[in-house]
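Colleague: Here's a sequence, model it:
(one chain, ligands or ions: 1)
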Amino acid sequence: MSIPILSSCNSKQKIDLLVYHATVYTVDSNFSKAEAVAVDKGKIVAVGNSEELQNEFDANEKIDAKGKFIFPGLIDAHSHFLDYGLGLNQADLVGTTSWNDVLDRVKTFAAQHEEGWIVGNGWDQNDWPVKAFPTNETLTELFPDRPVILSRIDGHAAIANNKALELAGVKAGDKLEGGEVEVFNGKLTGILIDNATRLVYSKVPNPTTAQLSKALLDAQKKCFAAGLTTVSDCGLDYSMALLIDSLQKKDQLKMRMFVMLTDSKRDYDFLFKNGKIKTDRLNVRAFKLFSDGALGSRGACLLQPYSDKPGWSGFLLSSREHFDSCAKIIAAHGFQMCTHAIGDSGNRIMLEIYAKYLKGKNDQRWRIEHAQVINKNDFHYFGDYNIIPSVQPTHATSDMYWAGDRLGTERLKYAYANKELMNENGWIPLGTDFPVEDISPIKTFYAAVFRQDAKGFPPGGFEMENALTREEAIRGMTIWAAKANFEEHEKGSLEKGKFADFVLLDKDLMKADEKDVLNTKVLMTFVNGEKVFDQKTD
Ligand SMILES: [Zn+2]
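Modeller: You can find the predicted model right below:
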């Protein structure tokens with residue numbers, strides 16, 4: 001008797017999930033394409049042809065992608081995830097068209113939240129008819145007894161009412177390092193720049209653990225809907241990292257996170273004593289420092305004065321000695337240093353300090369966050385010392401309307417120079433800096449490639465010599481962002497053995513018409529093989 005041929009069904013390997021009939025951009029080293037992804041126990045077991053994988057695997061769940069487009073889960077290399085979540089429960093001032101508009105929104109918010117501090121975020125006077133900073137008279141009249149603090153979109157300036165200033169003990173003529181308390185005709189205007197904002201924020205009651213947890217879960221929901229599967233949170237206290245870890249271990253927080261700790265003795269002591277934290281969902285190995293402020297509020301530290309404020313060059317947020325001593329201990333302990341640097345002077349100082357401790361070619365992946373305005377003689381540091389420029393393409397298209405006023409034409413040529421920076425190491429991670437910018441990675445892609453706003457301005461794009469190709473932009477949001485976090489072996493591409501983190505989009509970002517890109521919809525998001533967002537049901 002002949003041995004019966006096993007039915008193909010019996011010989012099939014049982015797996016959790018098969019997604020087929022898709023165009024799969026694997027973002028492997030060849031940027032190769034496939035049609036199907038097979039997933040088991042949270043990992044990718046195969047990527048290939050639809051028919052072959054259907055024959056090979058018996059999947060518990062099968063999803064017909066109907067010809068739509070799969071990319072690796074999108075990674076935001078620079079965000080403020082927790083702040084974004086907290087902001088979802090504060091007065092939203094993004095997109096306000098005037099100071100009066102801000103006041104209206106604050107009034108509405110105050111009516112809905114009847115007690116305590118009023119905290120708001122997201123105003124930008126550069127978007128208003130009057131581009132000067134507002135002053136706080138009306139805010140003080142409206143809220144004589146309730147403290148109010150409203151942060152500018154970049155977080156580098158805020159306006160407080162008199163009650164808040166009083167509680168914080170801020171007085172006209174106060175001086176502090178790395179900050180400015182604005183005074184006009186001998187009176188406080190309520191405007192606080194950089195470190196001065198902390199005087200007031202330090203008086204705002206800390207959110208409770210329940211509020212923090214809610215903020216993280218609220219942020220996660222929005223980010224999954226946007227196709228993000230990993231976010232870097234740039235600057236949290238170690239206690240927040242532990243809270244994140246506990247929510248992840250309870251399986252409530254499924255977002256993968258790279259958390260940079262703050263430049264504080266507590267955080268250095270904690271990480272040096274306990275060592276790096278690395279789980280499948282959390283990676284803590286870096287410190288976030290601030291070299292200078294932002295360009296919008298003229299807090300970025302420039303080598304030459306601002307073109308629109310003679311004699312003013314901005315300032316460093318700490319002394320050079322401080323940055324040097326931090327670099328020294330971070331290098332000695334083998335951790336990663338990530339420094340916010342916007343102005344060409346703020347960048348140069350950090351590049352020089354990084355070079356001193358990195359010594360030459362290396363794989364420490366020390367990062368400059370933003371790397372926004374670079375002196376033309378300083379680009380070489382990135383390549384010579386393998387310093388990673390971590391950039392946010394939407395900053396270019398948000399700032400392009402006024403960046404030239406601040407910098408003048410000559411310096412502007414070397415600002416937002418994403419391509420030139422990428423060429424230094426051959427790779428570049430991309431992010432958004434949300435909530436400074438929108439969370440959408442589709443907007444990042446559009447800004448990186450087309451360098452225009454949503455209305456197609458400017459025609460032809462802003463400084464197109466610094467545009468990235470579509471492939472580079474996709475890599476920047478996936479495998480290169482993973483690499484900036486030392487995670488390229490576990491995520492960032494769809495290859496056997498990696499986490500099954502991926503998104504299903506309704507458009508082909510590699511081919512879609514420029515005018516259609518911003519209409520791209522996230523249909524589904526998967527983390528660890530689990531569907532965490534479905535456009536149909538969420
Ligand atoms: Zn940031």
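Colleague: Would you confirm that Gly529 contacts Val39?
Modeller: Yes. The criterion here is C-beta atoms under 8 Å, and Gly529 meets it with Val39 at 4.2 Å. Backbone N, C-alpha and C define where each C-beta goes, glycine included.
Colleague: Ala91: what's it in contact with?
Modeller: Arg105, Val106, Phe109, Ile118, Val119, Gly120, Asn121, Leu150 (C-beta atoms under 8 Å, 6 or more residues apart in numbering).
Colleague: Skip the chain neighbours and tell me the closest residue to the fourth one.
Modeller: In this structure, Ile118 finds its nearest non-sequential neighbour in Val148, 4.4 Å apart by C-beta to C-beta, 6 or more residues apart in numbering.
Colleague: any idea how far that neighbour lies from the ion?
Modeller: Computed with C-beta to the ion, to the nearest Å, the distance linking Val148 and the ion is 24 Å.
Colleague: if we take the contacts of Ala91, which one ends up nearest to Thr525?
Modeller: Nearest to Thr525 among the contacts of Ala91: Asn121, at 25.6 Å, using C-beta to C-beta.
Colleague: thinking Ala215 is in contact with Gln90, fair?
Modeller: No. Ala215 is not in contact with Gln90 according to C-beta under 8 Å; the separation is 9.9 Å.
Colleague: isn't there a strand covering Ala454?
Modeller: No. Applying DSSP: H, G, I helix; E, B strand; the rest coil, one finds Ala454 to be coil, outside a strand.
Colleague: Let me know how buried it is, in neighbour terms.
Modeller: Neighbour count for Ala454, taken as other C-beta atoms under 10 Å: 10.
Colleague: and what of His113?
Modeller: 14.
Colleague: before we move on, back to that, common neighbours of Gly529 and Val39, please.
Modeller: In contact with both Gly529 and Val39: Asp16, Leu17, Ala500, using C-beta under 8 Å, 6+ apart.
Colleague: Looking at the residues you listed, state which has the most neighbours.
Modeller: Ala500 (26 neighbours).
Colleague: Hmm, the residue nearest to Ile118 is touching Ala164, no?
Modeller: Yes. In this structure, Val148 is within contact of Ala164 by C-beta under 8 Å, at 5.8 Å.
Colleague: Give me the more crowded residue out of those two.
Modeller: Ala164 (30 against 26).
Colleague: residue contacts, that one?
Modeller: Trp117, Pro147, Val148, Ile149, Val200, Lys203.
Colleague: same deal with Ser398?
Modeller: Applying C-beta under 8 Å, 6+ apart, the residues near Ser398 are Glu437.
Colleague: For it, give its distance to the ion.
Modeller: Taking C-beta to the ion, one finds Ser398 at 13 Å from the ion.
Colleague: Now the helix or strand hosting that residue: average pLDDT?
Modeller: Here Ser398 is covered by helix 393-399, with elements defined by DSSP states H and E. Averaged across helix 393-399, pLDDT comes to 96.
Colleague: Can you give the distance of it from its chain's centre?
Modeller: The chain centre lies 13 Å from the centre of helix 393-399; the measure is C-alpha atoms, centre = their mean, to the nearest Å.
Colleague: Helix or strand next in line after that helix, which one?
Modeller: helix 403-412.
Colleague: picking that back up, looking at Gly529 and Val39, which has the bigger crowd around it?
Modeller: Ranked by neighbour count (other C-beta under 10 Å), Gly529 and Val39 place Val39 first, with 27 against 22.
Colleague: so the more buried one sits in a strand?
Modeller: Yes. Under three-state DSSP, Val39 sits within a strand.
Colleague: residue ranges for the strands of the stretch 301-450 of the chain, please.
Modeller: 336-341, 367-370, 388-390 (DSSP state E, counting those that start in this stretch).
Colleague: buried sites along the helix or strand containing Glu52?
Modeller: Using DSSP H and E, Glu52 sits in helix 50-56. Under the neighbour-count criterion of 16 or more other C-beta atoms under 10 Å, helix 50-56 has Ser50, Leu53, Gln54, Glu56 buried.
Colleague: same deal with stretch 156-176?
Modeller: Neighbour-count burial for stretch 156-176 flags 156-165, 168, 170, 174 (criterion: 16+ other C-beta under 10 Å).
Colleague: Compute the first-to-last residue distance for that stretch.
Modeller: Terminal residues of stretch 156-176 are spaced 15 Å apart (C-alpha to C-alpha, to the nearest Å).
Colleague: before we move on, what about stretch 379-395?
Modeller: Stretch 379-395 end-to-end distance (C-alpha to C-alpha) = 19 Å.
Colleague: for it, which positions count as buried?
Modeller: Applying 16+ other C-beta under 10 Å to stretch 379-395 flags 379, 381-382, 385-395 as buried.
Colleague: do the same with stretch 78-95
Modeller: 78-87, 90-91, 93-94.
Colleague: Between all of those, which two are separated the most?
Modeller: Top of the distance list for the buried residues of stretch 78-95 (C-beta to C-beta): His78 and Ala91, 24.3 Å.
Colleague: for Arg266, what are its contacts?
Modeller: Per C-beta under 8 Å, 6+ apart, neighbours of Arg266: Asp237, Tyr238.
Colleague: again, but for Val119
Modeller: Here Val119 is in contact with Gln90, Ala91, Val148, Ile149, Leu150, Ser151, Val204 (C-beta under 8 Å, 6+ apart).
Colleague: Give me the pLDDT value at it.
Modeller: 95.
Colleague: which residues does it bridge with?
Modeller: Note on Val119: beta-bridge partners by DSSP bridges are Ile149.
Colleague: what about it, distance to the ion?
Modeller: Val119 is 18 Å from the ion, by C-beta to the ion.
Colleague: now do Val522
Modeller: Applying C-beta to the ion to Val522 and the ion gives a distance of 23 Å.
Colleague: For burial, what's the neighbour tally of that residue?
Modeller: The burial count for Val522: 23, using other C-beta under 10 Å.
Colleague: what are the ranges of the strands in the stretch 51-200 of the chain?
Modeller: Under DSSP E, counting those that start in this stretch, the stretch 51-200 of the chain gives strands at 57-64, 69-72, 74-79, 91-92, 118-123, 148-152, 157-160, 175-176, 179-184, 187-194.
Colleague: looking at the ones you listed, which is buried most?
Modeller: Highest mean neighbour count of the strands of the stretch 51-200 of the chain: strand 74-79, a mean of 30 (counted as mean count of other C-beta atoms under 10 Å).
Colleague: quick one, that one and strand 336-341 angle?
Modeller: Orientation check (axes from the mean of the first three to the mean of the last three C-alpha atoms, to 10 degrees): strand 74-79 against strand 336-341 gives 70 degrees.
Colleague: distance between strand 74-79 and the chain's centre?
Modeller: The answer for strand 74-79 is 5 Å, by C-alpha atoms, centre = their mean.
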